[in-house]
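**Q** my questions are about this predicted structure, shown below with the sequence.
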Amino acid sequence: MLSTPVLRGTSLLIAPNAMSLPPRAETLALMHEYTANESLRKHMLAVEAAMRAYATRFGEDPEPWGAAGLIHDFDYERYPNAARSATEEHPSQGVRLLRDRGWPEDILQAILGHATYTGVRRETRMAKALFAIDELTGLITATALVRPSRSVHEVDARSVRKKMKDKAFARGVSREDVILGAQELEVDLDDHIQFVIQCMQSSADALGLSGSAAPSPAEGTK
């Protein structure tokens, strides 16, 4: 959040902790610079879409929320952090890079908080939303990709909940984080899943999840 400018004499000085958000195009370019993997790029686009929608739902500014979603994993490919270090590699290295570029601190804290191993508490609604959305988008994507049409339009909360129970499916997705995220955000889990699905459906083309054909009205989900 921007702090109040400090007036001194006839000059307008910005307080030291006042930081501005870069344009989305610049954020997207930075994400692309650090991330070559197309699936990881689409993951961040999915999180961005849901973050923007949740910001609007909660009466918040969608720009910083969307930026947090778009950039939260930009350092993962270069600094994957297999050791789950609290201070090195992803997401700490990315946060250091963003801080050097003058990114707002509330976004940086949200990015740190989305990885439980950093030990950074999720104190803002933005941080809680990022954590709640992150793993869920992976589960929704995996659910869509096993559909015959590979379309997110054929996915609903019931089908995702069914896949959640299958421990062999999308093993890398933490079910515990999905459940905890909804609890921290204080939203019903089924409603949360359906809301994020709808966000991803709205961005299906960009996410590569529009499928081979649009589902017919008679088609349901399993």
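**A** Received the coordinates, thanks.
**Q** residue closest to the middle of this protein?
**A** Val47 (3.1 Å; CA atoms, centre = their mean).
**Q** let me know the average pLDDT across whichever strand or helix holds that residue.
**A** Assigned by DSSP states H and E, Val47 falls within helix 38-57. Averaged across helix 38-57, the pLDDT comes to 98.
**Q** in it, what counts as buried?
**A** The neighbour-count check on helix 38-57 (16 or more other CB atoms under 10 Å) flags 40-55 as buried. C-beta coordinates here come from the backbone N, C-alpha and C atoms, glycine included.
**Q** ok, back up a step: what's near enough to touch the residue nearest to the centre of the chain?
**A** Val47 makes contact with 69-70, 72-73, 130, 133-134, 137, according to CB atoms under 8 Å, 6 or more residues apart in numbering.
**Q** which among those residues count as buried?
**A** 69-70, 72-73, 130, 133-134, 137.
**Q** in helices, which of the residues you listed fall?
**A** Judged by DSSP state H, these include 69-70, 130, 133-134, 137 as members of helices.
**Q** including distance to Ser159 and pLDDT, could those go into TSV?
**A** Shown next, in TSV, are those (distance: CB to CB, whole Å; pLDDT from 0 to 100):
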residue	distance to Ser159	pLDDT
Gly69	23	98
Leu70	27	98
Leu130	24	98
Ile133	18	98
Asp134	20	98
Thr137	15	98
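**Q** what's the closest of those to Asp188?
**A** Ranked by distance to Asp188 (CB to CB), these are led by Ile133 at 14.9 Å.
**Q** contacts only, for the residue lying closest to that closest one once chain neighbours are set aside.
**A** Distance criterion CB to CB, 6 or more residues apart in numbering; nearest residue to Ile133, sequence neighbours excluded, is Ala50 at 4.5 Å. By CB under 8 Å, 6+ apart, the contact list for Ala50 reads 69, 129, 133, 137, 195-196, 199-200.
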